[in-house]
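**Q** Need coordinates for the following:
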Amino acid sequence: MDSQLLQRAQRITMLIMDVDGVLTDGRLYFAEEGYELKAFNSLDGHGIKMLHKVGIKTAIITGRRSALVAKRAKDLGIHFLFQGREDKLDALEELRQEHQIDMENIAYIGDDWPDLPVLRRVGLAVTVPNAAPALQPHTHYCCQRNGGEGAVRELCELILTAQQKLSDCLQPYLD
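**A** Now for the predicted structure:
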């Protein structure tokens with residue numbers, strides 16, 4: 001793994017995620033009755049919980065509003081949830097200032113144009129292979145897994161590996 005990437009990941013104290021295309025595969029399902037369905041990957045959920053165990057905070061910034069996202073965030077213990085925020089940079093600044101977090105300590109994973117202003121400012125900018133291609137030059141890492149297929153878990157393990165905490169998280173399963 002690239003040493004500069006590992007150095008960036010060592011400094012992370014907060015992971016911020018987009019939802020559609022990152023925590024999900026980006027497809028939007030609507031029932032005839034008008035309600036929305038989303039599929040989340042359990043691998044991502046466990047990765048997020050491992051970050052929490054070592055004191056890394058998590059947040060979601062999404063342009064859409066969804067009761068499903070609120071429920072998933074609550075179930076996973078996501079610390080901060082910003083929904084309906086088309087200006088994601090504004091939400092990032094609000095979060096950063098309110099909680100006094102330096103940009104270099106923030107990792108962000110996104111997949112589309114609305115994520116670009118945030119990706120260009122954070123300490124660890126990450127995207128997924130099925131992201132808008134124009135984002136790639138502005139990121140430090142592209143996950144091997146697609147959005148909704150364990151990309152967030154991959155990023156969580158990268159951060160934990162860089163901080164030499166992954167083995168501690170896995171130890172309870174090895175005992």
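
**Q** use CA for all of it now, contacts and neighbours both
**A** Noted.

**Q** need the contact list for the nearest residue to Gln144 once chain neighbours are set aside.
**A** In space, not counting the residues next to it along the chain, Gln144 is nearest to Pro129; the distance is 6.5 Å by Cα to Cα, 6 or more residues apart in numbering. Residues counted as contacts of Pro129 (Cα atoms under 8 Å, 6 or more residues apart in numbering) are 142-147.

**Q** Buried ones in stretch 71-87, by neighbour count?
**A** Buried residues in stretch 71-87, counting neighbours by 16 or more other Cα atoms under 10 Å, are found at 73, 76-78, 81-83.

**Q** Between those residues, which sits nearest Thr62?
**A** Closest to Thr62 out of those is Gln83 (5.1 Å), distances taken as Cα to Cα.

**Q** unless I'm mixing things up, the closest one is touching Arg64, no?
**A** Yes: counting by Cα atoms under 8 Å, Arg64 is a contact partner of Gln83 at 5.9 Å.

**Q** all helices for this structure, in order.
**A** For the chain, the helices defined by DSSP state H cover 3-10, 42-53, 67-76, 88-99, 116-119, 151-162, 166-174.

**Q** Can you name every helix or strand that the fourth one contacts?
**A** Using 3 or more Cα pairs under 8 Å, 6 or more residues apart in numbering; DSSP states H and E as the contact criterion, the elements in contact with helix 88-99 are strand 57-61, helix 116-119.

**Q** Minimum distance to Val152: which of the ones you listed has it?
**A** strand 57-61 (11.5 Å).

**Q** No more questions from me, cheers.
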